[in-house]
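Student: got a sequence here, can you model it:
(one chain, ligands or ions: 1)
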Amino acid sequence: MERLFTSDGRPLVVRPATPPDAPQVIATVDAVCRERRYMMTDRFTPGPDWQEVLGLVPPSGWKLLLIAECEGRIVGWCRVFAETVSPFARHVADVGIGVIRPYREIGIGTHLLRQAIRSAKKARLEKLTATAFATNERALNLFIGRGFKVTGRRYRQFNLDGRYIDELMLERFL
Ligand SMILES: CC(C)(COP(=O)(O)OP(=O)(O)OC[C@H]1O[C@@H](n2cnc3c(N)ncnc32)[C@H](O)[C@@H]1OP(=O)(O)O)[C@@H](O)C(=O)NCCC(=O)NCCS
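Tutor: Numbers count the residues shown, from 1 in each chain. All right, here's what the predicted structure looks like:
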């Protein structure tokens, strides 16, 4: 396995999640949702795709959940879910990513996304999609820096405590 470090020199492990990781992963995603600033929900309850990548139900279609571990704890994730609704879009997968607050801006998101792109290429997927709040500069820099392009905008798609936020669509061909 490639030895990884944060930009301030802390050892980092990026690996696929396994069933014993499930409680910590759920708590990690939930913590970011509860910030009510970056995610499209304020609580995290694993839906069917998440239950599959956490090993709670049998898999269907190609899915990946990478987790980042630093200083003995799970500090971030990147999930890639291939399209399963349309039989005509199986070459496309959607990406979601997050890092808990104390571990941001030290390159962990970049490592996670880089490895997710590598795995998606290996799986012969052809395109990755993602969405982000238009206000989320860090996420936009992360995706654009890894080759994503902004392809659409849904105006006033969210209302966060009285403040409207546009949603940006991003995609990257592999
Ligand atoms: C978005 C997120 C995953 C990025 O991960 P990270 O580990 O913090 O980011 P990195 O240190 O790898 O930096 C990623 C990019 O953001 C840029 N960046 C870092 N700090 C920044 C800041 N304060 N403002 C704008 N851009 C910033 C970096 O320069 C880098 O861009 P580059 O590749 O062009 O150099 C992470 O900050 C996070 O989880 N935020 C909250 C949840 C979230 O927004 N999830 C994504 C929803 S779409």
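
Student: mind checking the longest helix of this structure?
Tutor: In the chain, assigned by DSSP state H, the helix with the most residues is helix 108-122.

Student: who touches that one?
Tutor: 4, 6, 12, 14, 64, 66, 68, 70, 75-78, 80, 93, 95, 97, 99, 128, 138-139, 142-143, 145-147, 172, 174 (CB atoms under 8 Å, 6 or more residues apart in numbering). In this view, the C-beta of every residue, glycine as well, is placed from N, C-alpha and C.

Student: and the angle for the next helix or strand after it with helix 108-122?
Tutor: Heading C-terminal from helix 108-122, the first helix or strand you meet, by DSSP states H and E, is strand 127-133. In terms of direction (axes from the mean of the first three to the mean of the last three CA atoms, to 10 degrees), strand 127-133 departs from helix 108-122 by 150 degrees.

Student: in helices, which of the contacts of helix 108-122 fall?
Tutor: Checked against DSSP H, those include these in helices: 138-139, 142-143, 145.

Student: close to the ligand: what parts of the chain are there?
Tutor: Proximity of the chain to the ligand, by CB under 6 Å from any ligand atom, involves residues 32, 38, 97-99, 104-110, 132, 136-139, 141-142, 145.
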